[in-house]
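1. Okay, structure incoming, though there's no sequence with it:
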């Protein structure tokens, strides 16, 4: 939800009884302090702060200049001046971590990599619950081994960036239905299911699979409080199940979004694209300009595979509906006849 | 399950109260008649017959000779004589359809394409229920439009061949958790969920999503009655969630299997591989020889993303366990407290 949420949305979800998440992956330590303060003005309930875990990338000058060349026609079309190499491609990751430590939210969640045991211990010593993001069972075990309190199982349906950090991205695109029960069986810490969950049916299904909760991103993107450009919201509300793809063209890291002109134009050159955070920084001015100009074809239209189920409701209304639907689904389960096979099996035995 | 099931397995599942499936996609009309007769010797319960829907492929002589060249070192290693172009690459699809019509099983299911309304009507006029396979909502709507009685939602987790027939395979790799509720909302016919379902938790989850049933393939592959080579069974029992990939290298059509030497060796040449059924026919002798020789590295190790949950149980025992687990999961749901957010929401409101 980095770049797609607001302190307001975080607080609304927490006030409604969920665990609102404040995305801090792409912002400076100062902005983390400010953002968390804004959330705290709006809620006294627990919330989480999410950070990316980045290795140190030394940008390759040649690759940067080639990327700028590839992006030049789009910059021009949007009326932006020619792009230049940057001094800095991402906020200092250690300083971001320090800011989260100091703010001590109820939960700190992480993606793109894994913390050291010392980092996890530092968070825990401040009373912060640590949640890692895992796209495979091996990644979940790694998080458990460094002492994480919870792990988010990010199924392949999920919108935006893949959390994959151990193996190639393609083998790690495991669907939620397959990923959750395998992870639940492999670790002792609670598993939170993510990916393709948009309503109470999905939450109930996640609970059936053994998850202790559900994490939802796309479902809240279309709410008026999410702060995404109108063109992105329109794309989500018009999406179909087969509208998205996973691509590293926007940021240098694999992420799921709605296929658009930007993806189609740059995909043939995907092998020349610099890694995250370099490409992400180089495309940020394009996304900002495209958002202002209402040009969805040059935005990164992050969305999960069930985006078509988006409702555009205010977040508090959506949250209340989710709870009601989940309860209804679980109650229906108890009222239902046993699965039909059971009766036949009895007859057939 | 083509090439991976037996009349015995089909009948066991039907006798246990499920709908056993007899895979007829790769066999001759005569073999369909014989196979169905074998199933009928073993059960008087309803079962289904599954067929592929193939367009007419005119094999390209140059492409065939290049494919034979690529496969030559593997044939040699397995002690097979040099490969030759074939007279026929697949059984006559119309004659297969005719055989299914004549046998009139309770259900005929189809994948890889779509029937005409006239074909669906012909099946229905013999009292056969028609089930189409859909990997996207658009495909499900297409099946409903030609009069199908049921549609199988094949999520991206599923093992073996993708049923995709309308759009590119990658956009059509929709996870079960995302696919099922969108399909349930889009069509009026019952949706059967497939992909990543290996135990009662998965079946209960599918029902929560609105599915009317679950279709399972991989779960039964490791049963002693499945008839797959021991090396394939061993690979399934040793699989992890991130062991599989989708590739068209074995058959010319995208299918999910456990990554092995064959996939690694031939993937660099994937763009030169002929389409299904040509590549499938050319690799069949390799798979047969590899199976006999216990060489899993040259088999197509079809498996879904939850293959690690395979139990190797006899099919009847597995089926009974699935029913018991599903009932337990659904009963747990009713006994559970409402999701924790609900209570907090009440407090917070």
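-> It's in. No experiment lies behind these values; they were computed from the predicted model shown.
2. so the closest residue to chain B within chain A, which of the three states?
-> Residue nearest to chain B within chain A: residue A:334 (2.5 Å; Cβ to the nearest Cβ). Backbone N, C-alpha and C define where each C-beta goes, glycine included. Assigned with DSSP: H, G, I helix; E, B strand; the rest coil, residue A:334 falls in the helix class.
3. Which residue comes closest to it once chain neighbours are left out?
-> Nearest residue to residue A:334, sequence neighbours excluded (Cβ to Cβ, 6 or more residues apart in numbering or on different chains): residue B:334, at 2.5 Å.
4. cool, and residue A:159?
-> Using Cβ to Cβ, 6+ apart and skipping residues adjacent in sequence, the residue nearest residue A:159 is residue A:304, 3.7 Å away.
5. Quick check: the residue of chain A closest to chain B vs residue B:17, distance?
-> 22 Å (Cβ to Cβ, to the nearest Å).
6. So the two - more neighbours on which side?
-> residue B:17 (21 against 13; other Cβ atoms under 10 Å in any protein chain shown).
7. What ranges does the stretch 51-200 of chain A have for its strands?
-> Assigned by DSSP state E, counting those that start in this stretch, the stretch 51-200 of chain A shows strands spanning A:107-111, A:129-134, A:150-154, A:160-161, A:191-194.
8. Does residue A:231 touch residue A:296 like I think?
-> Yes: contact criterion Cβ atoms under 8 Å: residue A:231 and residue A:296 qualify, at 3.5 Å.
9. anything in contact with each of these two?
-> Common neighbours of residue A:231 and residue A:296, counting by Cβ atoms under 8 Å, 6 or more residues apart in numbering or on different chains, are residue A:290.
10. re the thing from before, show me what contacts the residue nearest to residue A:334?
-> Contact analysis of residue B:334 by Cβ under 8 Å, 6+ apart lists A:330, A:331, A:333, A:334, A:335.
11. Let's see if you can find the most crowded of those residues.
-> Within the contacts of residue B:334, neighbour counts (other Cβ under 10 Å) peak at residue A:330, which reaches 24 neighbours.
12. Could you measure from the residue nearest to that residue when sequence neighbours are not counted over to residue A:252?
-> Excluding its sequence neighbours, the residue lying closest to residue A:330 (Cβ to Cβ, 6+ apart) is residue B:333, at 4.5 Å. Taking Cβ to Cβ as the measure, residue B:333 falls 42 Å from residue A:252.
13. Any stretches of the stretch 201-349 of chain A with poor pLDDT?
-> A:336-349 (pLDDT under 70).
14. where do the helices sit along it?
-> Secondary structure of the stretch 201-349 of chain A, counting by DSSP state H, counting those that start in this stretch: helices at A:218-221, A:230-237, A:261-266, A:278-293, A:315-335, A:340-348.
15. out of the ones you listed, deepest packed?
-> helix A:218-221 (a mean of 27; mean count of other Cβ atoms under 10 Å in any protein chain shown).
16. I'd say residue A:299 and residue A:287 touch.
-> Yes: between residue A:299 and residue A:287 there is a contact under Cβ under 8 Å: 5.6 Å.
17. list the buried ones in stretch A:76-84?
-> Neighbour counts using 16 or more other Cβ atoms under 10 Å in any protein chain shown place A:78, A:80, A:83 of stretch A:76-84 among the buried residues.
18. Provide a list of residues in contact with the residue nearest to the first one when sequence neighbours are not counted.
-> In other words, residue A:78. The spatial neighbour of residue A:78 that comes closest, neighbours along the chain excluded (Cβ to Cβ, 6+ apart), is residue A:289 at 4.3 Å. By Cβ under 8 Å, 6+ apart, residue A:289 lies in contact with A:78, A:79, A:80, A:295, A:298.
19. Name the nearest residue to the last one, ignoring sequence neighbours.
-> With Cβ to Cβ, 6+ apart as the measure, residue A:290 is the residue that lies nearest to residue A:298, at 3.7 Å, once sequence neighbours are left out.
20. list the contacts for that neighbour?
-> Contact analysis of residue A:290 by Cβ under 8 Å, 6+ apart lists A:78, A:229, A:231, A:296, A:297, A:298, A:299.
21. same thing but at 10 Å, please
-> A:74, A:77-78, A:80, A:229, A:231-232, A:260, A:262, A:283, A:296-300 (Cβ atoms under 10 Å, 6 or more residues apart in numbering or on different chains).
22. quick one on the thing from earlier: turn the buried residues of stretch A:76-84 into JSON lines, including pLDDT.
-> JSON lines is the format used below for the buried residues of stretch A:76-84 (pLDDT from 0 to 100):
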{"residue": "A:78", "pLDDT": "97"}
{"residue": "A:80", "pLDDT": "97"}
{"residue": "A:83", "pLDDT": "96"}
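23. out of these, which one sits closest to residue A:56?
-> Residue A:56 has its nearest neighbour among those in residue A:83, at 22.8 Å by Cβ to Cβ.
24. what sits against the nearest residue to the closest one once chain neighbours are set aside?
-> The shortest distance from residue A:83 to any non-neighbouring residue, by Cβ to Cβ, 6+ apart, is to residue A:68 (4.4 Å). Counting by Cβ under 10 Å, 6+ apart, residue A:68 makes contact with A:75, A:82, A:83, A:84, A:85, A:282.
25. Dihedrals phi and psi, the fourth one?
-> What it means is residue A:84. When read as degrees, to the nearest 10, the backbone of residue A:84 gives phi -130, psi 150.
26. these two touch, right, it and residue A:67?
-> No: in this structure residue A:84 lies outside contact range of residue A:67 using Cβ atoms under 10 Å: 11.6 Å.
27. Could you verify my assumption that residue A:123 touches residue A:102?
-> No: assessed by Cβ under 10 Å, residue A:123 is found out of contact with residue A:102, at 11.1 Å.
28. More neighbours: these two, which one.
-> Applying other Cβ under 10 Å to residue A:123 and residue A:102 shows that residue A:123 carries more neighbours, namely 23 against 12.
29. what sits against the more buried one?
-> Residues in contact with residue A:123 (Cβ under 10 Å, 6+ apart) are A:97, A:100-101, A:104-105, A:107-108, A:110, A:115, A:129-130, A:147-149.
30. Show me just the buried residues among these.
-> For these, a burial check counting by 16+ other Cβ under 10 Å picks out A:97, A:100-101, A:105, A:107-108, A:110, A:115, A:129-130, A:147-149.
31. still on that earlier bit, taking the contacts of residue A:68, tell me the two that lie furthest apart.
-> By the measure Cβ to Cβ, A:75 and A:85 form the most distant pair in those, at 14.0 Å.
32. And these two? Which one has more around it.
-> More neighbours surround residue A:75 than the other of residue A:75 and residue A:85, with 19 against 14 (other Cβ under 10 Å).
33. can you redo the contacts of residue A:68 as CSV with distance to residue A:44?
-> Output for the contacts of residue A:68, formatted as CSV (distance: Cβ to Cβ, whole Å):
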residue, distance to residue A:44
A:75, 44
A:82, 48
A:83, 44
A:84, 45
A:85, 45
A:282, 40
